[in-house]
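no FASTA, just this:
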């Protein structure tokens, strides 16, 4: 209620302050009297038989406006009084307005009682005056007359009271919003409770929903940040179902069965078993419900709970566990957990008794998984998973602010606080909201007035409204009971179970483990059988395989799931982090630039890159970099020094420029596992005058039509398609038995690789690293995009025909840089001159437009910027791009048939023929690519593998290319099995690296094992 305090200047006479206070009081009093007179006139109008339809609406609006003006008056009044008197001023305002709310709710009943019940549980954020007065709404409303109750029972059940009951208590046990409950004894002697719906409540509820909708619309107009329309829309959909007690009866049976309330401990062996009670259903009709009687203590009767020795902490924890089970395990939960809907059994061990299942929500399986993923992402601080969960559940943001999204999500699942800390909690929430809005204001360059009218949420799914309500009600419940609940601990096992349960099913029980797409060839059919076999023994988590033969797609298969905690199926357009496979793409850009005559292999890097030619690097040439002979293999070790340093593009280039070679350039080939990317990146940018992302789009993405499926550093908006890395620890343990490899640098020997393998997946799964430019290690691709790339290289740069139409969604159909909903779209819906002005200001100006790579990546992680500033930029960030060369969007790119003009481009890739003098003789690398040898020792092609098993390569003679992407990192056993099968079926010589029986596997043999 009290959003801010503004203390006026102490200057000026006391007399002026008093006059100002008197004038303000007069204005406020005038409006209060005015609305009181309006009410009196309206009552007279209604008594004449007119306006009955709008009577309740006018009451609601008039009280709402009175309360609004009252609080606005207090905000102004506090400027003119002593600081010591301000708390008392607000306490009095809360008291009188809480009474206004209570009186209105009691008079109107219906849906407003539901609202009051909800507010009465929010002891964590509402003033105590509201909690104290509204608490009686939970079960202590004025009862309806007994005659009305009896008429309803007899009409609904078709018998007289005497026939139905031997005893019926005239005084209700409780009276709530839509019904009241009486204790009774059936003719067979069973003690029961009878829930009887209030006569005429249906019409009242429906009318109240309309009134609530009108109020929400008004609030959204006055304060656009507070647009609760998705909430009220969901309530309008679900609330009428509460009015049919047959539905409630069935809901009760379902929840009781799901929670195993009638089973013994021996029958329910799950670790997530909950220990609660739910009354049996005896009989039901639309307006009457008869249930088993359970003798219990009301949850809000603290004295009785203490007298019976009830452990309140344990009770609330068990209630929380019961709701976690309903939400995450069952996907079917009670949406109304206020204190009036719980009892505690009097007999030891005291157990919670769950009541009233009128308002329930059924979640689809994908939504249930998305909610579990959101919860675990909040617990782990995983921004990628959080943004992916948002996308999966349909929650769309207008901004790319992952830090703020995580902050809000963490607040949502925060631990509860005692009721006496409500003011502190409210202040914390308000401060957090102000901080987030300040970030939005700075990013969007809004005025304070404009930011108040800006709503960062573009779409809020109605399906999660009841879920959000339950979490807030549970938090309020624990605050009311004065206990602290750590939701991230209590609910976590249930959220994990739904994800792990889906993932552990595997291909043996999941008919959709392999993505449902047409088979292109016989070899693809056999491949899918192999993948099922490997998946059945837990060797595959998620995988994509795509292959081209003679310029046509013969395999395009996706199988498994996206991650350990992400049971969504892998699809053809899923994006996998492929580590050193990225080097092959980076090398392709260098060759393209040479082909464009903007670079020469024999050029000295210092002549291209200002500041590079020092500290012994004067003789390093472009071909030394591509052939891993520059001597800079250990120029610096960001992973060992500071892992997040790899996100800082400018700093990494600076470190490379001032480094010194460890060996004489051109003499020894040692794998540049990370420095290769920054060396190539610096050469690319300085030689072309463009950013690396621009060159990637111009040279590869656009000509090959790979939009949205090949990145070096992802843009915002693709998180929902990302695969998550995990480690096959059993297989990687074999690294400890492998001897040191002379072709690898000292910092990348097997024992070091083993250490990296356990930590790098965590690092490379983070959003900051995924968005960073790391041209040696940070590619995110689909197998079909990578296979098409190598199919193009296999044909000397000739672009293949469009990718197979059997593969859906079509390759290249995603926007390469997803766009967030323009804030203008929201503003246009609003009315008024201020809104129009704000809309005009928010329109991006021509000189402010900028490519995503310039704002997302070129400044990412700079020393003068925090990670939040550099890595959580808006897609529509407005900054000058003066002096930058933008990617050409000319239509001629769509007509490119060959991306290379050099007829000997294959020799250049492999360092053969005329280019053999530029590489170390008999080395494993050509110019940027790993050489692929046939069994007879002849050069067959080129490619590049990455740490963990992903690979891409081509066989030139056989016009064959293949790409494999994996998210369970291993030594390459799965990769080798796939390549062996495909080559065997196509009668293509198996590359030497994949035919070796070495325990190292093809990843290590291909020289790029674990870093990617």
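Happy to help now that I have it. Note that the structure is a prediction, hence the values are computed from the model and not measured.

where is the longest strand in this structure?
For the chain, the strand reaching the highest residue count under DSSP state E is reported as strand 552-563.

tell me the mean pLDDT over that one?
The average pLDDT within strand 552-563 is 95.

off-centre distance for it?
Taking C-alpha atoms, centre = their mean, to the nearest Å, one finds strand 552-563 lying 25 Å from the centre of the chain it belongs to.

right, and the helix or strand after that strand?
strand 566-569 (DSSP states H and E).

so how far is that following strand off the chain centroid?
Between the mean C-alpha location of strand 566-569 and the chain-wide mean there is a distance of 14 Å, by C-alpha atoms, centre = their mean.

in the longest strand of the chain, which residues are buried?
By neighbour count on 16 or more other C-beta atoms under 10 Å, the buried set for strand 552-563 is 553-563. (Glycine included, C-beta is placed from N, CA and C.)

counting contacts, what elements does it pack onto?
Under the contact criterion of 3 or more C-beta pairs under 8 Å, 6 or more residues apart in numbering; DSSP states H and E, strand 552-563 touches helix 522-536, strand 542-549, strand 566-569, helix 783-794.

now it against helix 522-536, angle please.
Interaxial angle of strand 552-563 relative to helix 522-536 (axes from the mean of the first three to the mean of the last three C-alpha atoms, to 10 degrees): 20 degrees.

can you give me the end-to-end span of stretch 765-776?
End-to-end distance of stretch 765-776 (C-alpha to C-alpha, to the nearest Å): 16 Å.

just stretch 120-130 next, same as before
The first and final residues of stretch 120-130 sit 7 Å from each other (C-alpha to C-alpha).

can you redo the buried residues of strand 552-563 as a markdown table with distance to residue 976?
Formatted as a markdown table, the buried residues of strand 552-563 follow (distance: C-beta to C-beta, whole Å):
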| residue | distance to residue 976 |
| --- | --- |
| 553 | 22 |
| 554 | 19 |
| 555 | 16 |
| 556 | 20 |
| 557 | 17 |
| 558 | 20 |
| 559 | 17 |
| 560 | 18 |
| 561 | 22 |
| 562 | 23 |
| 563 | 23 |
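
show me the two of the residues you listed that sit farthest apart.
Set against one another by C-beta to C-beta, those have their most distant pair in 554 and 563, with a gap of 28.3 Å.

so residue 957: helix, strand or coil?
coil (DSSP: H, G, I helix; E, B strand; the rest coil).

what sits against it?
Counting by C-beta atoms under 8 Å, 6 or more residues apart in numbering, residue 957 makes contact with 940-941.

where does it land on pLDDT?
The pLDDT attached to residue 957 in the predicted structure is 94.

what do you get for residue 532?
Here the pLDDT value assigned to residue 532 is 94.

where does pLDDT dip in the stretch 701-850 of the chain?
Under the criterion pLDDT under 70, the flagged ranges of the stretch 701-850 of the chain are 729-759, 820-850.

for it, just list every one of the helices.
Here the stretch 701-850 of the chain has its helices, by DSSP state H, counting those that start in this stretch, at 702-704, 729-732, 750-764, 767-771, 783-794, 823-827, 833-842.

quick one on the thing from earlier: could you tell me the angle between the longest strand of the chain and helix 783-794?
The directions of strand 552-563 and helix 783-794 differ by 140 degrees, with the same axes, to 10 degrees as the criterion.

got the angle between strand 552-563 and strand 542-549?
Taking the same axes, to 10 degrees, one finds strand 552-563 and strand 542-549 inclined to each other by 170 degrees.

just to revisit the earlier point, nearest to residue 77, out of the helices and strands packed on strand 552-563?
Nearest to residue 77 among these is strand 566-569; the distance by C-beta to C-beta comes to 53.5 Å.

C-terminal to that closest one, what's the next element?
Scanning forward in sequence from strand 566-569, with DSSP H and E defining helices and strands, the next element found is strand 576-577.

so how far is that following strand off the chain centroid?
Taking C-alpha atoms, centre = their mean, the mean C-alpha location of strand 576-577 is offset from the chain mean by 18 Å.

got a list of contacts for that strand?
Taking C-beta under 8 Å, 6+ apart as the criterion, the residues outside strand 576-577 that touch it are 542, 544, 722-723, 725, 764-765, 770, 778-783, 950, 965-967, 1012.

strand partners of that strand, parallel vs antiparallel please.
Strand 576-577 has its sheet partners listed here by DSSP bridges as strand 779-781 (antiparallel).

residue 661: which of the buried residues of strand 552-563 is nearest?
Each of the buried residues of strand 552-563 was scored against residue 661 by C-beta to C-beta, and residue 563 proved nearest at 39.7 Å.

now do the same contact list for residue 619.
By C-beta under 8 Å, 6+ apart, the residues touching residue 619 are 604, 665-666.

outline the domain layout of this protein.
Here the chain is described, according to the TED database, as comprising the domains 51-139, 297-502, 522-811+900-994.

and of the ones you listed, who's closest to residue 163?
The closest of those to residue 163 is domain 297-502. By C-beta to C-beta, the value is 26.9 Å.

and that closest one, what's its mean pLDDT?
Averaged across domain 297-502, the pLDDT comes to 85.

does residue 167 touch residue 182 like I think?
No: no contact is recorded between residue 167 and residue 182 when judged using C-beta atoms under 8 Å, the distance being 10.1 Å.

neighbour count winner among the two?
Between residue 167 and residue 182, counted using other C-beta atoms under 10 Å, the more crowded position is residue 182 (23 against 10).

and the more buried one, how close does it get to residue 343?
Counting by C-beta to C-beta, to the nearest Å, the gap from residue 182 to residue 343 is 16 Å.
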